[in-house]
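Chemist: Pasted the sequence and its predicted model underneath.
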Amino acid sequence: MSQTVAAFQRCPRCGNENSADSFACNFCGFRIKVERIETIRFFRRYEAEWVAPSPWYKKIFYLFVNAPRAFHDINHKRSKAPGWLIVLFCSLLYGLMGLAFVSHINFGFPSTPSGDLLLFLYNLSFFASFFIFGFCFQSIYFLILIWLFTKGANKAVGFSKKLETRFEGIGEAKKKFQAADISPFSIYKGGTMLRLEGAYKTKMLLCAFTPFLLINAIKALIILIGLPSAGIGGLDPLFDSVTWAVVDIIDGITISTWVPILMTLAIRELSNSSTTRVLIPTIIIGVVVAILFYFLRPTLFG
């Protein structure tokens, strides 16, 4: 006797039909399926009714202390996602790393008003240079990682296909609905589900790199404390310091663990997919990138 697999499942809370592979209701956000990993608080889906987007600073705070809640909020209004703001703040911290580095260099300026002014200008130029480099480097680096994580999610849960299905054409949605200010779940408030702001998914995925706000601040402090002093004519002690190995290890651990976990939550929220199936490839990609980009650097082997 043949069996027919239902293509839809009905939400027990609002009664609307959802696709069979949905883990949360597309209309009210109620959890339809619960995975074992979601018994862990950090992976538990957030179900509270969304009313209005939180301020950017609250989003960033929740990305540290309650990431599911943060992505639940961001997913309802992706145009307000603080993704590029996070990149900007990370770049400012790169500028502070530049200041921390240059503070160990003795330029030999005289202790006079003119010498102090010249030293200030040198420090300012280092800050600006590191800020610009940090913004360019991190923007490219984060976007490449998003591309890699997206490829992994495509293999695991058909991420891009799910987005096309849910958003009904991201390009058209951007032109037609980018000014809309409604909940993607709220058909009761005049919404048409998640497709309204599908074009802002990159801003949401950039939020997965929030850990670098803390990590870059820690690295600036390590550079300030750990590097030796050197004269302008002999900078080898600065570049040969074990401090750089510590910095690389911190970056590698972050990119192989914390970032993939947040990326998993973002992709899961966007595509209404399985947490476990998204987590496995993102962790694998993060570990591979960490090994190739950080753990195999010469700084770790002298």
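Modeler: Yes, it's here.
Chemist: From residue 47, how far out is the residue lying closest to residue 25 once chain neighbours are set aside?
Modeler: Among residues not flanking residue 25 along the chain, residue 11 sits closest, at 4.0 Å (Cβ to Cβ, 6 or more residues apart in numbering). Where C-beta positions appear, they are placed from N, C-alpha and C, glycine not excepted. According to Cβ to Cβ, to the nearest Å, residue 11 stands 12 Å off from residue 47.
Chemist: can you give me the strands for the protein?
Modeler: 8-10, 17-19, 105-106, 230-231 (DSSP state E).
Chemist: Of those, which is nearest residue 216?
Modeler: Proximity of these to residue 216 was assessed by Cβ to Cβ; the nearest stretch is strand 105-106, lying at 20.6 Å.
Chemist: and the closest one, which strands flank it?
Modeler: Sheet pairing for strand 105-106, assigned by DSSP bridges, gives strand 230-231 (parallel).
Chemist: pLDDT weak spots in this structure?
Modeler: 1-7, 18, 20, 26-30, 32, 165-199, 298-302 (pLDDT under 70).
Chemist: Could you check how many residues crowd around residue 112?
Modeler: Neighbourhood size, residue 112 [other Cβ atoms under 10 Å]: 9.
Chemist: Return the backbone torsion pair for it.
Modeler: phi -130, psi 170 (degrees, to the nearest 10).
Chemist: before we move on, the earlier item: who has more neighbours out of residue 11 and residue 47?
Modeler: Applying other Cβ under 10 Å to residue 11 and residue 47 shows that residue 11 carries more neighbours, namely 19 against 16.
Chemist: what's the neighbour count on residue 154?
Modeler: Using other Cβ under 10 Å, residue 154 is surrounded by 16 other residues.
Chemist: residues contacting it?
Modeler: The contact partners of residue 154, by Cβ atoms under 8 Å, 6 or more residues apart in numbering, come to 160-161.
Chemist: Now do the contacts for residue 55.
Modeler: Contacts of residue 55 (Cβ under 8 Å, 6+ apart): none.
Chemist: How about the backbone phi and psi for it?
Modeler: Backbone torsions of residue 55, given as degrees, to the nearest 10, read phi -60, psi 160.
Chemist: How much space separates it from residue 77?
Modeler: Distance from residue 55 to residue 77, by Cβ to Cβ: 12 Å.
Chemist: sorry, back to before: and of the strands of the chain, who's closest to residue 286?
Modeler: Of those, nearest to residue 286 by Cβ to Cβ is strand 17-19, at 28.6 Å.
Chemist: buried residues in stretch 118-131?
Modeler: Buried positions in stretch 118-131, judged by neighbour count with 16 or more other Cβ atoms under 10 Å: 126-127, 130-131.
Chemist: So which of those residues sit within helices?
Modeler: With DSSP state H as the criterion, helices contain 126-127, 130-131 from among the buried residues of stretch 118-131.
Chemist: Report the two of those residues separated the most.
Modeler: 126 and 131 (9.4 Å).
Chemist: Can you add distance to residue 155 and give the ones in helices among the buried residues of stretch 118-131 back as TSV?
Modeler: Formatted as TSV, those follow (distance: Cβ to Cβ, whole Å):
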residue	distance to residue 155
126	43
127	42
130	37
131	37
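Chemist: for these, which one is nearest residue 59?
Modeler: For these, the nearest to residue 59 is residue 131 (22.9 Å; Cβ to Cβ).
Chemist: got the contact list for that closest one?
Modeler: Residue 131 neighbours (Cβ under 8 Å, 6+ apart): 91-92, 94-95, 98.
Chemist: Only whichever of the residues you listed are buried, select them in ChimeraX.
Modeler: To isolate the buried members of the contacts of residue 131 in ChimeraX, using 16+ other Cβ under 10 Å:
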select :91,94,95,98
